[in-house]
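1. one predicted model, sequence on top.
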Amino acid sequence: MDRTYDLLTESFAPARDASVRAKPVKMWTRGVPVDDGSRQQLLNTATLPFIHKHVAAMPDVHYGKGATIGSVIPTRGAIIPAAVGVDIGCGMCAVRTTLTSHQLPDSLSGLRSALEAVIPVGMADHGQDVPRAAENAWYSGFKRRYDELQQKYPAISTRHSPARQIGTLGGGNHFIEVCLDQDDRLWVMLHSGSRGVGNRIGSFFIAEARREMERLFVHLPDRDLAYLAEGSELFDDYMAAVGWAQDYARANRDVMLKQALAAMAAAFTDFGVTDEAINCHHNYVEREHHFGENVWVTRKGAVRAREGDLGIIPGSMGARSFIVRGKGNPDSFCSCSHGAGRVMSRTEAKRRFTVADHAAATAGIECRKDEGVIDETPKAYKDIDAVMAAQSDLVEVVHTLRQIVCVKG
């Protein structure tokens, strides 16, 4: 076999309708475990009549809502809101600084505290004290578009104003990290998305798509594969909302990065940043050209990796992360993984691991070591080295990073 991916076909799936023939699923998962539930989800997606050519599965693929996380779904004439998800525009950004490890203090707890002081985490927002960078970003590019969306769809309103949440981290697997690369150079890296407003937009249109399927008597293998047809008013409104949320998510990361760098500049003399900076989505939809056609490409936990594109593939807490350059592999729709990918649910991780296990797995890293982050412990994720080996034809490694500080929501 000379191809670099494995082929998943409909033979795995129980026959539901003999007239429905699934497109292939190309999987970059050699040497990486993939559970049966995720395989079935991939096949369910591949049966949809508007799939373009095939579905691509990245090595971090794991079970999600309707569509698997770690999948690339090209479509013609329709978009699946649940495949885009509720953390619309979630992604990564990173920048290399001028510091090296020799300029760091013996204890990094002060650096972690400084980052936590300027960037609200978890459910928190900025309250009345919106930093100037967040205020400028909100009023210069987002308020008018949001007001228009909210006027037509009041249901997208959130308890936490997006004006106050811009420049905040969130919880779950979102993080801020300080890392050292293979040449002992210091990087700042963070992972976040469109916060509460993105969740509300995603949840609203997922429900609207389900209602559309019921109205049109469309039978699906999974109700969370409900779609919106291009040309409909709902489709147009969804694309306007999702476009806004993706822009907001990118700005959210930009604002946090500015806040983090300002905190570090106050803590270190001779601090500066280089021109090595990356900001990339990994939960989003965009119009792209593949296999001779303009199609919608939904990356649900995947990074665009066209030839020369720089991307970020983080490991888990305590594992290495990678700055990568895309190889433009057409079979993957020019994509790569967005991380290591979970190997077990959050509930299972909390059941299986103790605080002592987590402390041992994150030894030497300044981070939380309490019950609240056990679901994010490194062993809850796949082996990042195996994930990278499985996609060697999708990306090349430019920098290898190891965490020294990790801030979690």
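-> Structure's in. What do you need?
2. isn't residue 125 up against residue 158?
-> No. Taking contacts as Cβ atoms under 8 Å, residue 125 lies outside contact range of residue 158: 9.9 Å. Placement of C-beta: from N, CA and C, glycine included.
3. of the two, who's got more company?
-> residue 125 (23 against 16; other Cβ atoms under 10 Å).
4. tell me the SS of the more buried one?
-> Of the three states, residue 125 takes coil under DSSP: H, G, I helix; E, B strand; the rest coil.
5. find the nearest non-adjacent residue to it, please.
-> Taking Cβ to Cβ, 6 or more residues apart in numbering as the measure, residue 125 lies nearest to residue 164, with 4.1 Å between them; neighbours along the chain are not counted.
6. quick check: the one you found is in a helix.
-> Yes. Counting by three-state DSSP, one finds residue 164 located in a helix.
7. thinking again about what came up before, need the overlap of contacts for residue 125 and residue 158.
-> When Cβ atoms under 8 Å, 6 or more residues apart in numbering defines a contact, no residue borders residue 125 and residue 158 alike.
8. beta-bridge partners for residue 180, please?
-> Taking DSSP bridges as the rule, residue 180 bridges to residue 186, residue 402.
9. can you count the residues close to it?
-> A total of 18 residues lie near residue 180 under the criterion other Cβ under 10 Å.
10. again, but for residue 200
-> Residue crowding around residue 200 was assessed by other Cβ under 10 Å; the count is 23.
11. returning to what we had before: the residue nearest to residue 125 contacts residue 135, doesn't it?
-> No. Judged on Cβ under 8 Å, residue 164 makes no contact with residue 135 at a distance of 9.9 Å.
12. looking at those two, which has the bigger crowd around it?
-> residue 164 (21 against 16).
13. in space, what's closest to residue 187 - neighbours in sequence excluded?
-> Spatially, and ignoring its direct neighbours in sequence, residue 187 is nearest to residue 179 (4.6 Å; Cβ to Cβ, 6+ apart).
14. assign residue 99 to helix, strand or coil.
-> Assigned state for residue 99: strand (three-state reduction, three-state DSSP).
15. packing partners of the strand or helix carrying residue 400?
-> Element membership of residue 400 [criterion: DSSP states H and E] is strand 395-408. Counting contacts by 3 or more Cβ pairs under 8 Å, 6 or more residues apart in numbering; DSSP states H and E, strand 395-408 packs against helix 109-118, strand 175-180, strand 185-192, strand 310-313, strand 321-326.
16. save these as a markdown table, and put in distance to residue 270 too.
-> Conversion of these to a markdown table gives the following (distance: least, Cβ to Cβ, whole Å):
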| stretch | distance to residue 270 |
| --- | --- |
| helix 109-118 | 16 |
| strand 175-180 | 17 |
| strand 185-192 | 12 |
| strand 310-313 | 26 |
| strand 321-326 | 23 |
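17. which one of those lies nearest to residue 407?
-> For residue 407, the closest of these is strand 175-180, at 4.2 Å, according to Cβ to Cβ.
18. report the inter-axis angle for that closest one versus strand 185-192.
-> Here strand 175-180 runs at 170 degrees with respect to strand 185-192, directions being taken by axes from the mean of the first three to the mean of the last three Cα atoms, to 10 degrees.
19. show me what strand 175-180 is packed up against.
-> Counting by 3+ Cβ pairs under 8 Å, 6+ apart, the elements that strand 175-180 packs against turn out to be helix 109-118, strand 185-192, strand 395-408.
20. redo that, cut-off 6 Å
-> strand 185-192, strand 395-408 (3 or more Cβ pairs under 6 Å, 6 or more residues apart in numbering; DSSP states H and E).
21. tell me the most buried of these?
-> Mean neighbour count (mean count of other Cβ atoms under 10 Å) peaks for strand 185-192 among the helices and strands packed on strand 175-180, with a mean of 24.
22. so what touches that one?
-> Here strand 185-192 makes contact (Cβ atoms under 6 Å, 6 or more residues apart in numbering) with 92-97, 99, 169-170, 174-179, 252-253, 256, 260, 401.
23. with only the CA atoms kept, save it in CSV.
-> Presented in CSV, the C-alpha positions along strand 185-192 are these (Å, rounded to 0.1, in the frame of the first residue of the first chain):
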residue,chain,number,x,y,z
ARG,A,185,14.1,30.7,23.0
LEU,A,186,10.9,31.7,24.9
TRP,A,187,7.5,31.6,23.3
VAL,A,188,4.0,32.7,24.5
MET,A,189,1.2,30.5,23.2
LEU,A,190,-2.5,30.5,23.9
HIS,A,191,-5.7,28.6,22.9
SER,A,192,-9.2,30.1,23.0
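24. let the chain start at 181 from now.
-> Sure thing, new numbering starts at 181, so read that last one as strand 365-372.
25. whichever helix or strand comes after that strand packs against which elements?
-> Tracing the chain C-terminally past strand 365-372 and defining elements by DSSP H and E, one meets helix 375-395 next. Packed against helix 375-395, as judged by 3+ Cβ pairs under 6 Å, 6+ apart, are the following elements: helix 261-264, helix 413-447.
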